[in-house]
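Peer 1: Sequence and predicted structure are below.
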Amino acid sequence: MKRFKQSLQKVMPLFISLSLLYTGNVSADVAVVVHPSNNSEFDETIIKKTFLGKSKSFSNGKSTILIGLSSTDDITQEFNRKVIGKSSSQVKAYWSKILFTGKGTPPQELDSSALVLQAVASNQDAIGYLDPSVVDDSVKVVATF
Amino acid sequence: MNKILFAISICMYFVSLGANAALQISGYGSLIAGKTFGTVNDPLSPGQKRDEILTADFYDVGQYDNDITIKAESILALQGTYKFNEKFSFTAQLVAKGVDDFEPEFDWYYLTYKAKDDLTFMFGRRNIPMYYFSEYSEVGYAYPWMRPPSNLYWWQVTQFDGINAMYNFDIGELSSTITAFYGNEYSNDNVEMLYYDRLYGGSAQTVNEFWTDILGMNWNISGDNFDLRFVYFQNDRDRETIQQDGSIDPYTPFSQSFVGFGGTIWLENFTFLFDMNYVEYDDDLGTEFPTYLASVVYNWGDVKPYIVYSKADHERSKVPTEALEEHYVLSVGVRYDIMSNIALKLQYDNFVDQGDEPTGWAYHGDAKAISFGIDFVF
């Protein structure tokens, strides 16, 4: 036990300094968008349940298609913190349970907000989150956080 | 070796299909090194010393002794899901484990039929949804510890071929899922049972373990800050211990029932995890196994120190005796989320065998072990 304590004392400062490197994120706003033809109801709870895979269809009855950004993207981290209420690692752990037991599919991870915009604009059942600065008429904003 | 080449060629085939949007490839893995430190009096050979042994994986008999190893519980898994259309998909998991010298095997394969958004059927080979963490017990990234406490996840059968029917519905603000399942498992050449045969001086050729008519349900309820799960199932049990001369040991089949209640609660920076389970046989002894675990994790940003206590007991209601198997594991550790899909873990385990030595039930022996691991998903 003593040897373990000593090794923990050696390792902890390394862990802490590494963690500081990774938590210095810049705050960014997030917009949640759907196809302009989607007249379903949205509020924060619905959006949260949708992006956790707990609500699998919109209020219009159509199945949801989830579009997101890479888990290391600042926008994703902001969305997870503000809407889901968990860190990106916690959200990844949550989805890995579901994915590897075949009970659902996590949001598709695209490389940029421009690609999310394109994906949502071209699919009537898609819902995505992105950087509000790229939004145009091709999608409908249902919430910003 | 041919198996490995075969597996690699299948992977390459999957990857070559990867450009196809209908096929999704993902995976998970854990690279874990560990060892025990001391020696104990061998509980089954009084007077003799042996290394402390910590069984990290009972089903595959993945163990740590005084020599550091990465084979006890390291694992790499590749999952492919092919979506035929909106309703049907097929999923397979190719899993390579250190205990099998990393020879890959298809551990999971099932067809999914999404009848409606809230009703899904799965046909094929999957893990039995026994304990709270059973279905994803090998996805290290999905839970805080190095492993779900191994002295509870000790059954010689963890998978089955069968049907799962999953129904989702809301109860007010809460989300709920009910899953019914039915299936069978004919576990020929059962690794864990053969290990016990050898441990007690046997020389059986092989042991075949049969769990049939596995019938049960899970009920899961989750809200913003909690996730709770209730499980009940029952099944028939039988076993063939085949000796070198081909003779089969006599065995009396019986039925067992499994009931459990577990969950996760998030409160501020703390995560509380628990699971309570009770297994009962309808045998002449009235065999019972009450087990539970309790754990607290402190979420200090990406650094998550934790403590977990797990206790397993073996009782007989019809022939009361205290002198049976009993043990607990107290583990402390820390998980560090180095990236959003990679976690480092360091864990110290103290396994205390409280079983009865004279009757041979203290067969694990005490063990203190340390392990270091990297978990990832992709």
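Peer 2: Received the coordinates, thanks.

Peer 1: C-alpha only now, for contacts and for neighbours.
Peer 2: Will do.

Peer 1: For residue 99, report the pLDDT, please.
Peer 2: Answering for chain A, as no chain was given. What the model reports for A:Leu99 is a pLDDT of 97.

Peer 1: oops, I was thinking of chain B
Peer 2: Note on B:Val99: pLDDT of 96.

Peer 1: Isn't it up against B:Asp60?
Peer 2: Yes: at 6.7 Å, B:Val99 counts as touching B:Asp60 under the criterion of CA atoms under 8 Å.

Peer 1: Show me which of these two is the more surrounded one.
Peer 2: B:Asp60 (22 against 18; other CA atoms under 10 Å in any protein chain shown).

Peer 1: so the more buried one sits in a helix?
Peer 2: No: residue state for B:Asp60 (DSSP: H, G, I helix; E, B strand; the rest coil) corresponds to coil; a helix is not indicated.

Peer 1: so what's B:Phe14 scoring on pLDDT?
Peer 2: We note a pLDDT of 56 for B:Phe14 in this prediction.

Peer 1: Show me how far stretch B:287-299 is from its chain's centre.
Peer 2: For stretch B:287-299, the distance from its own C-alpha centre to the chain's C-alpha centre is 14 Å (CA atoms, centre = their mean, to the nearest Å).

Peer 1: Mind checking if it is in reach of chain A?
Peer 2: No: applying CA under 8 Å from any CA of the partner chain, one finds stretch B:287-299 separated from chain A by no less than 10.0 Å.

Peer 1: quick one: contacts of that stretch?
Peer 2: Under the contact criterion CA atoms under 8 Å, 6 or more residues apart in numbering or on different chains, stretch B:287-299 has outside partners B:144, B:149, B:152, B:269-281, B:304-318.

Peer 1: Let's see that with 6 Å instead.
Peer 2: With CA atoms under 6 Å, 6 or more residues apart in numbering or on different chains as the contact definition, stretch B:287-299 has outside contacts at B:269-281, B:304-316.

Peer 1: Quickly list what's touching both of B:Val99 and B:Asp60.
Peer 2: With contacts taken as CA under 6 Å, 6+ apart, not a single residue reaches both B:Val99 and B:Asp60.

Peer 1: Flag the shaky bits of chain B, pLDDT-wise.
Peer 2: B:1-20 (pLDDT under 70).

Peer 1: Helices of that one, residue ranges please.
Peer 2: Applying DSSP state H to chain B gives helices spanning B:2-17, B:191-199.

Peer 1: Show me what from the stretch 251-378 of chain B comes close to chain A.
Peer 2: On the criterion CA under 6 Å from any CA of the partner chain, chain A has as its neighbours in the stretch 251-378 of chain B the residues B:Ser340.

Peer 1: The residue of the stretch 251-378 of chain B found nearest chain A: how many residues sit nearby?
Peer 2: When you check the stretch 251-378 of chain B against chain A by CA to the nearest CA, the closest residue turns out to be B:Ser340, at 4.6 Å. Other residues lying near B:Ser340 total 20 when counted by other CA under 10 Å.

Peer 1: Apart from its neighbours in sequence, what residue is nearest it?
Peer 2: Sequence neighbours aside, A:Ser89 is the residue nearest to B:Ser340 in space, at 4.6 Å (criterion: CA to CA, 6 or more residues apart in numbering or on different chains).
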